[in-house]
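*Asks:* Sequence and predicted model, in that order:
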Amino acid sequence: MCRWIAYRGELTALEHYVTEPAHSLITQSIHALEATASVNGDGFGLGWYGNHPEPGLYREIRPAWSDENLRYLCRHLQSRLFFAHVRAATGTAITRANCHPFACGTWLFMHNGFVGNWSRLRRRVEALISDDRYPSRIGTTDSEAIFLAIMGAGIEHPVAATEKTLATLTDFVNQNKPVDRMRFTAAMSNGRDLYAFRYAVNDKANTLYYRESESSIVVVSEPLDDDHKKWISVPESHALVALAGERARIVPLFQQQQVAAE
């Protein structure tokens with residue numbers, strides 16, 4: 001499965017988190033320790049916020065470890081909020097349009113997971129994308145389709161929009177016999193706030209960790225170093241909400257529905 005990192009904090013060069021650590025994202029692309037696939041060589045991408053409301057993007061289909069541009073970019077690019085992702089494809093083509101992160105307006109999104117039998121469910125999932133968001137559908141992945149479905153489900157309330165979309169996807173995978181599996185470990189941001197989600201249906205969710213200081217928060221698929229005590233694991237069926245100017249908090253998914261049912 002894919003590996004990724006999201007950072008928000010003081011202005012910093014991307015290299016301090018993407019290429020330099022002992023277990024950097026480039027290292028994870030060759031030898032991931034907490035993924036079903038240890039090699040993530042089906043492309044990579046960077047997304048960052050700078051002087052414009054919309055994020056910058058750089059995506060490439062070559063493996064992260066073999067692209068000489070990546071180290072130069074990460075050394076010279078500086079940002080207060082950025083995403084980086086190395087991809088392990090789950091059945092869709094290895095194209096630039098299918099590499100993460102994905103952008104729509106001011107939002108960035110990246111994903112580690114899959115939605116059941118994508119070839120069987122693709123048409124139904126794509127039907128969740130609102131007409132005004134569908135022109136942003138460039139690739140063929142389930143990840144991009146989910147992102148755009150969330151965007152149209154009320155992105156002004158990101159957690160609620162994600163819950164709404166996940167509830168529908170859960171219904172889709174459970175309707176098939178035998179039931180399909182789904183894993184959804186994702187991050188999204190509007191350039192100020194940072195959100196991450198860990199969820200699965202009929203399967204175990206992919207790992208998600210974060211580390212927070214007074215000045216920054218780093219969210220990762222797996223730790224960037226051997227000091228695991230510094231990293232907090234996000235529980236399954238929970239979201240990490242890190243609003244600008246506030247400490248991060250962990251919230252259970254579908255909490256409002258559970259309260260209403262009681």
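*Replies:* Arrived safely, thanks for sending. Residues are numbered from 1 along each chain as shown.

*Asks:* what about L253, how many neighbours?
*Replies:* Per other CB atoms under 10 Å, the neighbour tally for L253 reads 21. Glycine gets a C-beta too; all of them are placed from N, C-alpha and C.

*Asks:* list the contacts for it?
*Replies:* By CB atoms under 8 Å, 6 or more residues apart in numbering, the residues touching L253 are 159, 162-163, 166, 197, 199, 237-239.

*Asks:* Mind checking which of the residues you listed land in helices?
*Replies:* Within the contacts of L253, membership in helices is found for 159, 162-163, 166, as judged by DSSP state H.

*Asks:* where does L224 land in three-state SS?
*Replies:* Following DSSP: H, G, I helix; E, B strand; the rest coil, the label given to L224 is coil.

*Asks:* now the helices: where do they sit in the stretch 151-262 of the chain?
*Replies:* Taking DSSP state H, counting those that start in this stretch as the test, the helices found in the stretch 151-262 of the chain are 158-175, 255-261.

*Asks:* nearest to Y210, of those helices?
*Replies:* When those are ranked by distance to Y210, counting by CB to CB, first place goes to helix 158-175 at 15.9 Å.

*Asks:* Next, the contact list for the closest residue to Y210 other than its chain neighbours, please.
*Replies:* If the residues on either side of it in the chain are set aside, Y210 comes closest to V219, at 4.5 Å by CB to CB, 6 or more residues apart in numbering. For V219, the set of contacting residues under the criterion of CB under 8 Å, 6+ apart consists of 5-7, 187, 194, 196, 208-210, 240, 242.

*Asks:* neighbour-wise, which of those residues leads?
*Replies:* Busiest of the contacts of V219 [other CB under 10 Å] is A6, holding 29 neighbours.

*Asks:* Let me know the pLDDT of the residue nearest to Y210.
*Replies:* Model confidence at V219, expressed as pLDDT, equals 97.

*Asks:* May I have the beta-bridge partners of it?
*Replies:* Beta bridges link V219 to A6, Y210 when assigned by DSSP bridges.

*Asks:* quick revisit: show me which of the contacts of V219 is closest to L25.
*Replies:* Distance ranking of those against L25, using CB to CB, places I5 first at 5.6 Å.

*Asks:* Now render the contacts of L253 as a markdown table, adding pLDDT and neighbour count.
*Replies:* Below are the contacts of L253 laid out as a markdown table (pLDDT from 0 to 100; neighbours: other CB atoms under 10 Å):
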| residue | pLDDT | neighbour count |
| --- | --- | --- |
| V159 | 97 | 15 |
| T162 | 98 | 25 |
| E163 | 98 | 21 |
| L166 | 97 | 23 |
| F197 | 98 | 26 |
| Y199 | 98 | 24 |
| S237 | 97 | 16 |
| H238 | 98 | 19 |
| A239 | 98 | 22 |
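
*Asks:* picking up where we left off before, just name the most buried of the helices of the stretch 151-262 of the chain.
*Replies:* helix 158-175 (a mean of 18; mean count of other CB atoms under 10 Å).

*Asks:* how about a markdown table for the contacts of V219, with pLDDT and distance to R137 added?
*Replies:* A markdown table is the format used below for the contacts of V219 (pLDDT from 0 to 100; distance: CB to CB, whole Å):
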| residue | pLDDT | distance to R137 |
| --- | --- | --- |
| I5 | 93 | 25 |
| A6 | 97 | 23 |
| Y7 | 97 | 27 |
| A187 | 98 | 20 |
| L194 | 98 | 24 |
| A196 | 98 | 23 |
| L208 | 96 | 26 |
| Y209 | 96 | 31 |
| Y210 | 97 | 30 |
| L240 | 98 | 27 |
| A242 | 98 | 28 |
